[in-house]
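Participant: got a predicted structure plus its sequence, pasted below:
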Amino acid sequence: MSRLAAAFARLRDPLANNGDPGLVAYITAGDPNFDTSCEIVRAIARGGADVIEIGVPFSDPIADGPVIQRASERALAAGGSLTSALELVRRVRADIDTPIVLFTYVNPVLRMGTGAFVAAAADAGVDGALMLDLPIEESDEMHAALDRAGLDQIFLISPTTAEPRLRRAAELGRGFLYAISRLGVTGTRDAVSHTARPVVDAIRAITGLPVALGFGIGRPEHVREAYQYADAAVVGSALVQVIADSSPGQEATDAERFVGWLKGRMP
Amino acid sequence: MPSSLHVNPSPLFGKRDPDSRGYFGEFGGRFIPETLVAPVEALTAAYFEARRDPEFVAELEHLLATFVGRPTPLYEARNATAGTGVRLFLKREDLAHTGAHKINNAIGQALLARRMGKTRVVAETGAGQHGVATATACALLGLECIVYMGAQDMARQALNVFRMQMLGATVTSVDAGSQTLKDAINEAMRDWVANVATTSYVLGSVLGPHPYPLMVREFQSVIGAEARAQMLDAAGRLPDLVVACVGGGSNAMGIFDAFIGDPSVQLLGVEAGGRAIADGEHAARFAGGAPGVLHGTRSLLLQDTHGNVLPTHSVSAGLDYPSVGPEHAWLASIGRTRYDWIDDDAALDGFGWIARLEGILPALESSHAIAWVQRHVQTFKAGDVVLVNVSGRGDKDVDSIRARLGLAVTGTPV
């Protein structure tokens, strides 16, 4: 069983999980710099993240709102790249067993080469990959390569995804499906969108794959609400903002506390 | 629509489609976030239906004739080539309504948006010409219009910002990244992702996910169709060489299209050489690019070793873009088109050449194509016939040229 499958199985097992909501925590690799970023990943694992998404900094993040755009810019300015994101995973993998998903735009991957990327990701200890701008129709080569290496490819499902494509994503997807709660780019909102539940229900009607719900989720009550119908909530921008607002040296401590708060473990 | 109507009502449409996934050879495709897949599929279906609907085509042609002012003239520039024996013809897209070829595509896509029941249009703009054209089409057709424009471009094309505002459009400044065309497209795509139900994205060049490279080329191919007939009329033969500037490449695809099946006609695209062919100093994708994905399409891309997009520079905002239309990349790969670059200073020389000798102020974008001919006119044979697409007029650039040359307003010729 892959690390991702095991993590979601544990969340669904009442004996192993005492009601804590599932949490996928996102950070941008290399924000604010490589070493701090390594510490932050270890800290959010300690804080209780069930899955960690490592965002690869990219010059043109068209699916991201301002918070993650800025994180990407900070990481790039500090020398971040796909190569250093993979190195980050390799470093932290020695210390943590939490599943790690790479969250990336496709061009850095194509530039490295699909084969080279998959080999490096497997070697570093990555468990899955999600490519934001690589829809199923363009995924054949990538999917085959990830599959051969035993890595999970995670597909996004949006409120606009039609049923035939949802079926295809359910068939090809591994680990979990990422449900986009609302139209638009990443970024925290005041409430979970009314479009969230129908997306998750549509997925549930078709597949038993775990579902993580993301986009716009940034508070413990959002996380608990998502957990009523999804396996986990994804929190990205809110955590990235905490890191951005931290005093230098405090980023890991603040991130760990924030993740614990999202999980409902601290007041 | 009944299949009995499955006839192309215009020679511009449906004659050279990419494959079903939107590929021209290994270039093109659809690299988009999941939320955009359904709207892009809907747009594709609507476009394929519209282009074979005689009513849609008739309305487009009527507006091109009565509103845009087509056909635009073909003009022979005899003064500039005096003594060389070369015949230089200029396709005068600068005389189209709003002052550039961009209106051909903006009218087409705005008609399509209305046909799809959309009430709101977003667009990006670099030099401002596509923004002005889209604002104009939206005013005509009663659509709300939001134009995204890089902060740096707003500063250097202030006149076009005011024009858009007077036409009722909202111009939104983009402060992210390099604050130019690439960043404006990022922001327009983000808006579209959030508003897909009400909104159409009117993309201004032969870029983006399928069907945009095809659709924009077909809306622009009226340029070449007219020019080819006008050349036969004026010169009694086809040109030996067709030259056009290439940013995203819509004016070039528009004029090249009619000549692709004419093996005797060479097709040359001129990119922005900027200050130098060095990282961050130019926008010559065929000189410094490698295959990559940006804004939904796989084409040649100026990028670093990690796959991040490099900054670009050109004196002309409309050429200041790190990728190029996928059909250009494909045509180059099969040897049908070729590409060269002209640097900022040479482009300004070309501008001055045609201004002083022919009484035409071309856009700085078009000045790159003109400058290439100026630089190479001595290498042509007597009797050679050259056709240049003057894609737009230079009024918008006058202030920035004056600033660049450090000129005061004195009344003396420059």
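Facilitator: Cool, the structure landed.
Participant: in the stretch 51-200 of chain A, which spans are helices?
Facilitator: A:66-77, A:82-93, A:106-112, A:114-124, A:140-148, A:163-172, A:196-204 (DSSP state H, counting those that start in this stretch).
Participant: and what of the stretch 51-200 of chain B?
Facilitator: B:54-63, B:102-115, B:129-141, B:151-156, B:158-166, B:181-194.
Participant: what residues go with each domain of chain B?
Facilitator: As recorded under automatic domain parsing, the domains making up chain B are B:22-66+B:102-216, B:69-99+B:221-405.
Participant: endpoints of the first one, how far apart?
Facilitator: Counting by Cα to Cα, to the nearest Å, the length from the leading to the trailing residue of domain B:22-66+B:102-216 is 13 Å.
Participant: does it reach chain A?
Facilitator: Yes. Domain B:22-66+B:102-216 reaches chain A (Cβ under 8 Å from any Cβ of the partner chain) through B:29-39, B:176-177, B:182-183, B:186, B:189-190, B:193-197. Using the backbone N, CA and C atoms, a C-beta is placed for each residue, glycine as well.
Participant: which PyMOL command selects the buried ones in those residues?
Facilitator: Command for PyMOL that selects the buried part of the residues of domain B:22-66+B:102-216 next to chain A, burial taken from 16 or more other Cβ atoms under 10 Å in any protein chain shown:
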select buried, chain B and resi 29+30+31+32+33+34+35+36+37+38+39+176+177+182+183+186+189+190+193+194+195+196
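Participant: any idea how far residue B:391 is from residue A:198?
Facilitator: According to Cβ to Cβ, to the nearest Å, residue B:391 and residue A:198 sit 47 Å apart.
Participant: any idea which residue sits dead centre in chain B?
Facilitator: By Cα atoms, centre = their mean, chain B has its centre lying nearest to residue B:250, at 3.2 Å.
Participant: any idea of the pLDDT on the closest residue to that residue other than its chain neighbours?
Facilitator: The shortest distance from residue B:250 to any residue other than its chain neighbours is 4.4 Å, reached at residue B:205 (Cβ to Cβ, 6 or more residues apart in numbering or on different chains). At residue B:205, the model reports a pLDDT of 97.
Participant: quick check, central residue of chain A?
Facilitator: Taking Cα atoms, centre = their mean, chain A has its central residue at residue A:53, 3.2 Å away.
Participant: that residue is in contact with residue A:103, isn't it?
Facilitator: Yes. Here residue A:53 reaches residue A:103: they are 4.7 Å apart, a contact under Cβ atoms under 8 Å.
Participant: what residues does the stretch 1-150 of chain A have near chain B?
Facilitator: Proximity of the stretch 1-150 of chain A to chain B, by Cβ under 8 Å from any Cβ, involves residues A:57-63, A:65-66, A:69, A:73, A:76, A:81-83, A:106-112, A:132-135, A:137-138.
Participant: drop anything exposed from the residues you listed.
Facilitator: Looking at these with 16+ other Cβ under 10 Å, the buried ones turn out to be A:57-63, A:65, A:69, A:73, A:76, A:81-83, A:106-112, A:132-135, A:137-138.
Participant: how deep is residue B:82 tucked in, by neighbour count?
Facilitator: When neighbours are counted by other Cβ atoms under 10 Å in any protein chain shown, residue B:82 registers 10.
Participant: point me to the residue of the stretch 251-400 of chain B nearest chain A.
Facilitator: Nearest residue of the stretch 251-400 of chain B to chain A: residue B:307, at 3.1 Å (Cβ to the nearest Cβ).
Participant: does that residue belong to a helix, a strand or coil?
Facilitator: Secondary structure state of residue B:307, per DSSP: H, G, I helix; E, B strand; the rest coil, is coil.
Participant: next, the contact list for it, please.
Facilitator: A:58, A:82, A:107-112, B:292 (Cβ atoms under 8 Å, 6 or more residues apart in numbering or on different chains).
Participant: just residue B:259 next, same as before
Facilitator: Counted by Cβ under 8 Å, 6+ apart, residue B:259 has contacts B:224, B:228, B:238-239, B:242, B:265, B:267.
Participant: re earlier: so which of the domains of chain B gets nearest residue A:87?
Facilitator: Smallest distance to residue A:87 across the domains of chain B (Cβ to Cβ): 12.4 Å, for domain B:69-99+B:221-405.
Participant: how far does the closest one sit from the chain's center?
Facilitator: 10 Å (Cα atoms, centre = their mean, to the nearest Å).
Participant: follow-up on the earlier one: mutual contacts of residue A:53 and residue A:103, please.
Facilitator: A:26, A:130.
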